[in-house]
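Enquirer: just to be clear, the model below is a prediction. Sequence and coordinates:
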Amino acid sequence: MLFPPASCPRLIVKIGSALLVDPDGAVRREWLTGVAADIAARRREGQEVAVVSSGAIALGARRLGLAKGGRASLEDAQAAAAAGQIVLSQVWADVLGAEALTAAQMLVTLDDLEHRRRYLNAAATLDRLLSLGVVPIINENDSVATEEIRFGDNDRLAARIAQAAAAGGVILLSDIDGLYDRNPALPGARHIARVDRIDAGIEAMADTGSASGMGSGGMVSKIAAARIANAAGAHLAIASGRIDRPLSTEARHTLFAAEKGASARKAWLAGGLTAKGRLRIDAGAAKALRGGASLLAAGVTAAEGDFVRGDILDIADPDGRVIARGLSEYPTADAAAILGLGREAQEAALGYAPRAAMVHRDHMVLL
């Protein structure tokens, strides 16, 4: 069993559209009943489980007669989600209710988890529901999300939910049984059973396609999800849902193993999907950051974007590679005014005493 209750008190399970909905747009109820039985068995052993469930758009598209599975346009996706979400939540309530479990629905947008206060509110709700023995069913709020604020896939949403719920494990049930060193449709493709570090070589193995054509995520999104989960100290597994009882049946999978987790605040920073701007730094500053230092204005060569104090910024080395992320101590105009300056020169440029750093190490995480 992946992530048994004894070693993983809290688990997040993500279920892709192609597993929950058949090509005709109908719910695969028999398969879902087996998943509910697996969840119930884990609950009896003391494990708290939350589910990130795709499927609303696919279900709604069938009921509204929309082309391309409801994804022909953003407006179609929003309409399909509105019609399908009510069906999806009822199906989950039914199958979990048959196992004497209570389901609760949570719909979130990217903004809910990117803004610190709203993130903490969502985390508190999740924690209370799980502590009450409820199974939260979570999905992106596609009926109101726009291109600028939507996650775009539930893999990364699952990782962010794991972070908010302080879960120890994430299982991405999909139409594939893990990561391969190349597209698994190609001859000689080799399955990767375990990944201890996500580097450029691992990212190069990803294929952007979704085999079903029904979902919005591919292997790229799954590796991105693994990076987010691992940064929060949660292990993540990619496993096939093309089997009955996938949460209790031993089957091939890929495990992305986490190192010791970062602080909650730094994990939130590392898992963020949007940044308001970017600071470009010189080689000396990059070396200093890796040594645990704060980012001083003297080492910043460029400030990009429109941000205010407290916004999340990407920090890029001289090669343009993002090596850190942190909270800005300055708005854009002031940051631009003190680029490359020492402390005394900063005061002259700003007209007030400068802050200790452009980004303080307590509010920064290395990537």
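Expert: The structure has been received and is ready for your questions.

Enquirer: how close does the most centrally placed residue in the chain get to Q163?
Expert: In the chain, the centroid-proximal residue (C-alpha atoms, centre = their mean) is R156; its distance is 2.5 Å. Per C-beta to C-beta, to the nearest Å, R156 is found 11 Å from Q163. Where C-beta positions appear, they are placed from N, C-alpha and C, glycine not excepted.

Enquirer: just the pLDDT for G215.
Expert: G215 is assigned a pLDDT of 41 by the prediction.

Enquirer: end-to-end on stretch 44-51?
Expert: End-to-end span of stretch 44-51 (C-alpha to C-alpha, to the nearest Å): 17 Å.

Enquirer: kindly report the same for stretch 253-269.
Expert: End-to-end for stretch 253-269, by C-alpha to C-alpha: 28 Å.

Enquirer: follow-up on the earlier one: which residues do R156 and Q163 both contact?
Expert: Contact criterion C-beta atoms under 8 Å, 6 or more residues apart in numbering; residues shared by R156 and Q163: I228.

Enquirer: circling back to that earlier point, could you check the pLDDT of the residue nearest to the residue nearest to the centre of the chain when sequence neighbours are not counted?
Expert: Leaving aside its sequence neighbours, R156 sits nearest to A225 (C-beta to C-beta, 6 or more residues apart in numbering; 4.8 Å). Confidence at A225, expressed as pLDDT, is 92.

Enquirer: what helices and strands are in contact with the helix or strand containing A225?
Expert: A225 belongs to helix 219-231 when assigned by DSSP states H and E. Helix 219-231 sits against helix 154-165, strand 169-174, strand 179-180, helix 200-204, strand 235-240, strand 253-256, helix 264-271, with contacts defined as 3 or more C-beta pairs under 8 Å, 6 or more residues apart in numbering; DSSP states H and E.

Enquirer: any idea how far the closest residue to L296 other than its chain neighbours is from G284?
Expert: Using C-beta to C-beta, 6+ apart and skipping residues adjacent in sequence, the residue nearest L296 is A357, 5.6 Å away. Computed with C-beta to C-beta, the distance linking A357 and G284 is 15 Å.

Enquirer: among those two, which residue is more densely surrounded?
Expert: Using other C-beta atoms under 10 Å as the criterion, A357 and G284 rank with A357 on top: 18 against 12.

Enquirer: that one: which element?
Expert: Going by DSSP H and E, A357 is not in any helix or strand.

Enquirer: which residues are in contact with it?
Expert: By C-beta under 8 Å, 6+ apart, the neighbours of A357 are S294, L295, L296, A297, E329.

Enquirer: how about TSV for those, with neighbour count, distance to W268 and pLDDT added?
Expert: Below are those laid out as TSV (neighbours: other C-beta atoms under 10 Å; distance: C-beta to C-beta, whole Å; pLDDT from 0 to 100):
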residue	neighbour count	distance to W268	pLDDT
S294	20	19	92
L295	25	19	95
L296	22	24	94
A297	28	25	94
E329	21	18	88
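
Enquirer: thinking again about what came up before, quick one, phi/psi of the residue nearest to L296?
Expert: For A357, the backbone dihedrals (degrees, to the nearest 10) come out as phi -150, psi 160.

Enquirer: swap in V21?
Expert: The phi/psi pair for V21 (degrees, to the nearest 10) is phi -120, psi 130.

Enquirer: what's the neighbour count on the closest residue in space to it that isn't next to it in sequence?
Expert: In this structure, V21 finds its nearest non-sequential neighbour in A58, 4.2 Å apart by C-beta to C-beta, 6+ apart. A58 is flanked by 28 other residues according to other C-beta under 10 Å.

Enquirer: what's the single longest helix in the chain?
Expert: Assignment by DSSP state H gives helix 74-97 as the longest helix of the chain.

Enquirer: list the buried residues in that one.
Expert: For helix 74-97, the neighbour count (16 or more other C-beta atoms under 10 Å) marks 76-85, 87-89, 91-93, 95-96 as buried.
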